Structure formats: structure tokens, C-alpha cells
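Novice: I'd like to go over a predicted model; first the sequence, then the structure.
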Amino acid sequence: MIPGLGTAINVLAIVLGTVIGKIGGNRIPERTRTLITDVLGAITLISAAAAIREIWNPELTESTIQGGSILIVLVSLIVGALLGSVLDIDNRLVNLGENLKKRFGSNDNSFVEGFVTASLIFVIGPLAILGSISDGMGNGIEQLLLKSTLDFFASIAFSAALGIGVLLSILPVGIYQGIWTAIGFSLGGVLSNAQTAALTAVGGVLLLGIGFKLLNIKNMPVGNLLPALAFAPIRSEEHTSELQSPYVISYAVFCLKKK
């Protein structure tokens with residue numbers, strides 16, 4: 001199977017969903033679009049809660065010290081926030097949205113919001129990473145097919161509420177998943193269940209921020225937290241009889257506790 005096929009299908013699903021949502025969205029009153037945005041925010045919070053539950057995943061909790069799973073998520077988010085703030089990822093996404101809006105001559109007031117929100121939604125989560133790695137390794141595209149289905153329906157709702165900016169989320173999605181596909185192709189390894197749980201939990205916190213933003217509760221710069229997804233499943237080369245942890249962070253916490 002051709003590496004990258006899964007991402008190509010994912011991109012196509014977003015395009016089709018956006019077109020359908022935009023056509024139908026033009027016939028929906030503004031107050032109804034606002035309500036749809038609120039519904040999307042509420043559903044995003046539910047998805048976040050489901051993902052955050054992975055903090056108590058047995059394989060994750062058993063691979064580290066008591067309470068270590070929460071510390072893994074906490075430290076991953078802090079380190080990710082520091083790096084993301086230095087790189088100014090959130091503002092870069094916004095600026096990219098503004099430039100795309102000018103380039104395409106769009107008068108849609110929610111163009112940038114649609115682009116940024118959809119981009120973050122579509123790249124956050126384990127399916128984007130695990131599916132892309134599996135695709136790169138040649139192990140199948142089933143996970144990305146599932147993600148494509150979810151993104152298809154999400155893009156319909158988002159484009160109906162936030163406009164055509166959702167369509168251009170295919171750019172960061174294609175680049176992001178393409179990078180992970182290349183990593184899978186070159187490394188030939190997959191994440192353990194414990195690592196996947198940590199990744200999912202961190203993604204849940206990011207989804208929480210998006211949900212708050214959609215509901216106008218808190219405008220959190222979620223883009224600056226994206227690097228946390230890379231730090232959560234970092235594998236440790238150290239193994240002891242007391243701690244068989246695949247995480248650098250949990251091993252460091254263990255050492256601090258011993259001191």
C-alpha cells in the first residue's frame with residue numbers, strides 16, 4: 001500500500017464534508033449557526049472528558065509510580081506549552097489563516113476561526129498520530145479511515161457554523177500527518193498501549209481548551225500546547241526492576257521520589 005494514502009483519503013473527506021456543510025450552512029439562520037457552534041463545543045468537552053479518562057488507564061498507571069500518570073500529563077503540557085510559546089504556534093496558525101483569507105479574497109468573518117479550530121480539532125488525538133505511523137509502516141490505513149469518517153461529519157458541522165475556512169484545514173492536516181507517516185516509514189515502530197493512553201490524555205486536555213473556546217468560556221491558545229503531544233509518549237531507555245516505565249518523565253519523577 002502506498003504510504004500517505006490514508007492521509008490523502010482524510011484530506012478528501014474534509015473537503016467533501018466542508019463543501020456539503022457550506023452549501024447547507026448558507027441556508028441556516030445566524031442564530032442557528034451559533035447554536036450549532038455551542039453544540040460542537042459541548043460535544044468537544046464530552047470527547048475531552050472521554051480522552052482524559054485515559055489518565056487512569058491500568059496499563060499507564062501500572063507503568064509508573066502512584067500518581068505518576070497525572071504528572072506525565074502535567075509535565076508534558078508544561079514542557080509543550082513552553083516550547084509552543086517560544087515557537088508561537090497559535091499566532092502562526094492565526095496569521096496563516098489571515099493570509100489564506102486575503103489570498104482567497106474571502107469576506108467570511110469566521111474564516112480564520114473556522115480554519116484554526118478545524119485544524120486543531122483534526123490534528124489533536126491519537127488517531128492522527130497512530131494512524132499515520134501505521135500508514136507509513138505499511139500496516140494498513142484502517143485507523144485513518146476511521147478518522148476520515150469522523151472528520152467528514154465534523155467538517156460538515158464546522159463549515160455550516162464557521163464557514164469555508166474549515167476547508168483549508170487540509171493544509172496543516174496534510175503536513176502534520178505526512179510527518180508522522182514519514183516517521184513511521186523510517187522508524188518502523190509503534191507506541192505501546194501505555195504510551196497511547198498518555199498521548200490520548202494529553203490530547204483530551206487540548207480538546208478541553210477547544211471546547212471552552214467554542215463555548216466562549218476561555219480563549220486558550222491551544223496551538224501552543226501542540227508540542228505536548230510529542231512529549232507525552234517519549235520512551236525511556238532506562239529500565240529497573242522497581243519501575244518498568246516507558247517514559248522519561250515518569251522515570252524522573254520516580255528518581256525524585258527515591259531521593
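Specialist: Perfect, I can see it now. Only a predicted model underlies this, so the values are computations on that prediction, with no experimental measurement involved.

Novice: pLDDT below threshold where in the stretch 101-250 of the chain?
Specialist: Residue ranges of the stretch 101-250 of the chain with pLDDT under 70: 187-190, 235-250.

Novice: ranges for the helices of it?
Specialist: In the stretch 101-250 of the chain, helices defined by DSSP state H, counting those that start in this stretch lie at 111-123, 126-137, 142-162, 170-187, 193-214, 228-231, 248-258, listed in chain order.

Novice: among these, which is nearest residue 11?
Specialist: helix 170-187 (4.6 Å; CB to CB). Backbone N, C-alpha and C define where each C-beta goes, glycine included.

Novice: neighbouring contacts of that closest one?
Specialist: Where contact means CB atoms under 8 Å, 6 or more residues apart in numbering, the residues beyond helix 170-187 that reach it are 3-4, 6-7, 10-11, 14-15, 93, 96, 100, 119, 122-123, 128-129, 131-137, 144, 190.

Novice: quick check: the residue positioned nearest the centre of the chain vs residue 115, distance?
Specialist: For the chain, the residue sitting closest to the mean C-alpha position, by CA atoms, centre = their mean, is residue 124 at 0.3 Å. Residue 124 sits 15 Å away from residue 115, taking CB to CB, to the nearest Å as the criterion.

Novice: again, but for residue 202
Specialist: Summarising the geometry, the distance separating residue 202 from residue 115, computed by CB to CB, is 23 Å.

Novice: buried subset of the contacts of helix 170-187?
Specialist: 3-4, 6-7, 10-11, 14-15, 93, 96, 100, 119, 122-123, 128-129, 131-137, 144 (16 or more other CB atoms under 10 Å).

Novice: now do the contacts for residue 136.
Specialist: Residue 136 makes contacts with 3, 4, 180, 181, 182, 183, 184, 185, 186, as judged by CB under 8 Å, 6+ apart.

Novice: again with residue 109
Specialist: Counting by CB under 8 Å, 6+ apart, residue 109 has contacts residue 163.

Novice: phi, psi for it please.
Specialist: Note on residue 109: backbone dihedrals following degrees, to the nearest 10 are phi -70, psi -30.

Novice: pretty sure residue 215 sits against residue 40.
Specialist: No - counting by CB atoms under 8 Å, no contact exists between residue 215 and residue 40, whose distance comes to 9.1 Å.

Novice: higher neighbour count, these two?
Specialist: Between residue 215 and residue 40, counted using other CB atoms under 10 Å, residue 40 has the larger neighbour count: 22 against 16.

Novice: make sure that one is indeed in a helix.
Specialist: Yes - inclusion of residue 40 in a helix is indicated when DSSP: H, G, I helix; E, B strand; the rest coil is applied.

Novice: and it, what pLDDT?
Specialist: According to the predicted model, the pLDDT of residue 40 comes to 88.

Novice: how close does it sit to residue 34?
Specialist: 11 Å.

Novice: shared neighbours, the two?
Specialist: Taking CB under 8 Å, 6+ apart as the contact criterion, the common neighbours of residue 40 and residue 34 are residue 161.

Novice: picking that back up, turn the helices of the stretch 101-250 of the chain into JSON lines, columns for distance to residue 51.
Specialist: Written out in JSON lines, the entries for the helices of the stretch 101-250 of the chain read as follows (distance: least, CB to CB, whole Å):
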{"stretch": "helix 111-123", "distance to residue 51": "12"}
{"stretch": "helix 126-137", "distance to residue 51": "8"}
{"stretch": "helix 142-162", "distance to residue 51": "13"}
{"stretch": "helix 170-187", "distance to residue 51": "18"}
{"stretch": "helix 193-214", "distance to residue 51": "3"}
{"stretch": "helix 228-231", "distance to residue 51": "12"}
{"stretch": "helix 248-258", "distance to residue 51": "19"}
